[in-house]
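In: show me the folded form of this:
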Amino acid sequence: MILTTHQPIFLPWPGFFHKALHADRLVLLDQVQFPRGRTWSTGNRLKNEDGELWLTVPVWRTGRGLQRIDEVEIAEERGWRAKHLRSIRQNYAHAPWYADHAGAIADIYARGQRRLVDLNLDLIRWLWSLLDPPAELILQSDLGTGGRGTGLMINLCTRLGCDRLAVLPGVEQHLDADALRRHGIALVRLPYRPVIYPQLWGSFLYNLSVLDLLFCCGPRARDIVAAGR
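Out: The predicted model follows:
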């Protein structure tokens with residue numbers, strides 16, 4: 001059994017789902033420390049006529065100290081939800097499959113999630129239903145499994161009965177392969193090279209949110225994500 005992990009980021013990039021297409025289980029690390037500074041947990045890139053279009057979710061940080069991801073609350077007073085939807089509509093209204101997905105996105109934003117993790121999970125689960133990866137999606141908080149770094153990976157593999165841990169290039173340098181091996185866990189390196197697909201607004205930009213891929217390629221999105229090897 002192959003395990004892969006990822007933080008529950010906002011509107012994930014195609015590489016997130018590429019891992020899910022090549023694993024049996026994907027654990028979302030919702031109880032690790034929330035990163036300081038700019039983080040993919042709160043923002044991601046789409047595209048507009050000037051290049052990158054950043055969508056960022058405002059969250060409460062001041063006075064909160066170190067927070068776990070599942071503790072971070074959304075700062076609602078800035079009217080960001082309407083701004084996100086307006087930006088998406090203005091820049092993708094003419095994308096071939098925008099109309100197919102606009103209603104679902106608006107419905108998710110209308111739920112008024114209090115925690116950042118709830119918004120991200122709602123978006124991830126919706127995208128998951130469209131891309132249909134074979135992996136089982138599991139929350140770390142549902143497992144009651146803690147630890148840090150390699151220790152957390154060992155604990156998760158042991159808890160879920162997985163003997164292989166799949167990671168994208170560069171991640172393995174942050175893990176202790178010998179420690180994993182001593183626990184009967186093999187480190188699997190997943191090669192990944194983003195596939196160029198038709199985009200709006202000029203030259204191709206790599207590693208945008210998978211939302212860009214869905215708007216531009218519709219039902220072909222899953223095959224394009226899988227072809228990243």
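In: give the buried residues for the longest helix seen in the chain.
Out: Using DSSP state H, we find that the single longest helix of the chain is helix 116-131. The neighbour-count check on helix 116-131 (16 or more other Cβ atoms under 10 Å) flags Leu116, Val117, Asp118, Leu119, Asn120, Leu121, Leu123, Ile124, Leu127, Trp128, Leu130, Leu131 as buried. C-betas here are computed from N, CA, C, even on glycine.
In: just stretch 102-120 next, same as before
Out: Here stretch 102-120 shows Ala102, Ile105, Tyr109, Gln113, Arg115, Leu116, Val117, Asp118, Leu119, Asn120 as buried, counting by 16+ other Cβ under 10 Å.
In: quick one: the residue of the chain most remote from its centre and Thr5, what's the gap?
Out: Here the centre of the chain is the reference, and by Cα atoms, centre = their mean the most remote residue is Arg182, at 29.9 Å. Distance check for Arg182 against Thr5: by Cβ to Cβ, to the nearest Å, it reads 19 Å.
In: go on, Leu66?
Out: Per Cβ to Cβ, Leu66 is found 20 Å from Thr5.
In: do Asn44 as well
Out: 19 Å.
In: got it, and Ala226?
Out: On the measure of Cβ to Cβ, Ala226 and Thr5 end up 20 Å apart.
In: thinking again about what came up before, Leu66 and Thr5: which is more packed in?
Out: Comparing Leu66 with Thr5 by neighbour count (other Cβ atoms under 10 Å), the higher total belongs to Thr5, at 22 against 8.
In: tell me which residues touch that one, please.
Out: Each residue near Thr5 by Cβ atoms under 8 Å, 6 or more residues apart in numbering is listed here: Leu26, Val27, Leu28, Leu29, Met153, Leu156.
In: in terms of helices and strands, where is it?
Out: strand 2-6 (DSSP states H and E).
In: quick one: strands adjacent to that strand?
Out: strand 25-28 (parallel), strand 164-167 (parallel) (DSSP bridges).
In: where's the last one relative to the chain centroid, distance-wise?
Out: Averaged C-alpha coordinates place strand 164-167 at 17 Å from its chain's average position (Cα atoms, centre = their mean, to the nearest Å).
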